[in-house]
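> Have a look at this prediction, sequence included:
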Amino acid sequence: MHAFNLQPKTLSLAERLADLAVDALIDEADLSPKPALVDRRGSGAHTDLHLGLMHASALALWPAFKEMAEAAIDIGEIGLPLREAIGSIGREGEEAMLATTNGVNTHRGAIWALGLLVAAAAIEPESTAASSVSLRAARLALLDDRHAPRPLSHGAQVAQRYGARGAREEAQLGFPAVIQRALPQLKHSRAAGHGEQNARLDALLAIMTNLADTCVLYRAGEQGLYTMQRGAQAVLDAGGSASLTGRRRLHELDQQLIALNASPGGAADLLAACLFIDRIESCDGITHCIS
């Protein structure tokens, strides 16, 4: 008998989806230069986050994403039992995240968005069109988890104060910032030959042009939100992150948002959702995705 089995392990559907979700989080964290966000250059507008912590947080969420996918496969249909199962698993995943980060909120919004998408993908793994996956996720998000804690998160408080659409509403509408803005921009920039990293940066900027990012509103109010939206549009209008003028506008936006202490964490969560959807949409069925 050989001491080592060199044959690659065949991953289950749930394991593949968990891999893809974690990959999306790590790819989002690594993407550089992101305005006022943690990336390979530094911590952006944050004092309590760094790239290594973002990686550790993403990896700590793998079991939760796997369990969410398994719950979707076992239950087999969209309904209250599945909604409450992924809610419970998500809260356990949040506890694991906070234990890893010593209490720092790195990925709370991403747990919500990617958890819904992982479950939606697991229910119908051969139906990987972005519109189909996002619609199934929206149907899940519209269901009320009776066991969810009722105190409002910072994002929900800000959404109420400013009349903005928070993470919950974004999911309930089927992730329009992803489906209508990020994914089309990602594909457009790729087709224009801008390179994958620039295409992903452009997708992030496309989200930022219109999103009422509650992270920005919480940290910098309406001035911060206006600066983010206007600056992101200026980068795209200048030719995107692949152009020299666009890079200059991107650097200006980065400096402006850091000065305002405004970090677009909501947009970053939605970019991770975009990268996850893009990956499974490009597969011939999720079982053929190579993580």
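Arrived safely. Residues are numbered from 1 along each chain as shown.

> Helix or strand with the lowest mean pLDDT in the protein?
helix 154-162 (a mean of 69; mean pLDDT, DSSP states H and E).

> After that one, which helix or strand is next?
Sequence-wise, the next helix or strand downstream of helix 154-162 (DSSP states H and E) is helix 167-172.

> Can you mark which positions in that following helix are buried?
167-168, 170-172 (16 or more other C-beta atoms under 10 Å). The way it works is simple: take the backbone N, C-alpha and C, and place the C-beta from them, glycine included.

> can you tell me which two in these are farthest apart?
Across these, no pair lies farther apart than A167 and Q172, at 9.7 Å, counting by C-beta to C-beta.

> which neighbours do these two share?
The contact sets of A167 and Q172 do not overlap (C-beta atoms under 8 Å, 6 or more residues apart in numbering).

> same question for the helix or strand where G52 lies, mean pLDDT?
Assigned by DSSP H and E, G52 belongs to helix 51-60. Mean pLDDT, computed over helix 51-60, is 97.

> Which strands or helices does it pack on?
helix 13-30, helix 80-101 (3 or more C-beta pairs under 8 Å, 6 or more residues apart in numbering; DSSP states H and E).

> ok, and what's touching the next helix-or-strand element following it?
Once the chain leaves helix 51-60, the next helix or strand it forms, by DSSP H and E, is helix 62-75. Outside helix 62-75, the residues within contact range by C-beta under 8 Å, 6+ apart are 13-15, 17-19, 21-22, 81-82, 85-86, 89-90, 92-93, 96, 111, 114-115, 118-123.

> what about 6 Å?
14-15, 17-18, 21-22, 81-82, 85-86, 89, 93, 115, 118-119, 122-123 (C-beta atoms under 6 Å, 6 or more residues apart in numbering).

> Quick one, which of these are buried?
The buried subset of the contacts of helix 62-75 - by 16+ other C-beta under 10 Å - is 14-15, 17-18, 21-22, 82, 85-86, 89, 93, 115, 118-119, 122-123.

> Tell me where the longest helix sits in the protein.
Longest helix in the chain, counting residues (DSSP state H): helix 214-237.

> ok, now which ones touch A156?
Counting by C-beta under 6 Å, 6+ apart, the residues that A156 touches are G166.

> Distance check, it against W112.
Look at A156 and W112: by C-beta to C-beta, to the nearest Å, they are 11 Å apart.

> Repeat that for Q157.
Distance from Q157 to W112, by C-beta to C-beta: 16 Å.

> neighbour count winner among the two?
Neighbours per residue (other C-beta atoms under 10 Å) separate Q157 from W112, with W112 holding more: 24 against 15.

> CA atoms of whichever strand or helix holds that one as CSV?
Per DSSP H and E, W112 falls inside helix 108-123. C-alpha atoms of helix 108-123 as CSV (Å, rounded to 0.1, in the frame of the first residue of the first chain):
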residue,chain,number,x,y,z
ARG,A,108,-20.8,39.9,8.1
GLY,A,109,-22.5,41.2,5.0
ALA,A,110,-20.8,38.7,2.8
ILE,A,111,-22.1,35.8,4.9
TRP,A,112,-25.6,37.0,4.1
ALA,A,113,-25.1,37.6,0.4
LEU,A,114,-22.9,34.5,-0.3
GLY,A,115,-24.9,32.3,2.0
LEU,A,116,-28.1,32.9,0.1
LEU,A,117,-26.3,32.4,-3.3
VAL,A,118,-24.6,29.2,-2.2
ALA,A,119,-28.0,27.8,-1.1
ALA,A,120,-29.6,29.0,-4.3
ALA,A,121,-26.9,27.3,-6.4
ALA,A,122,-27.1,24.1,-4.4
ILE,A,123,-30.8,23.6,-4.9
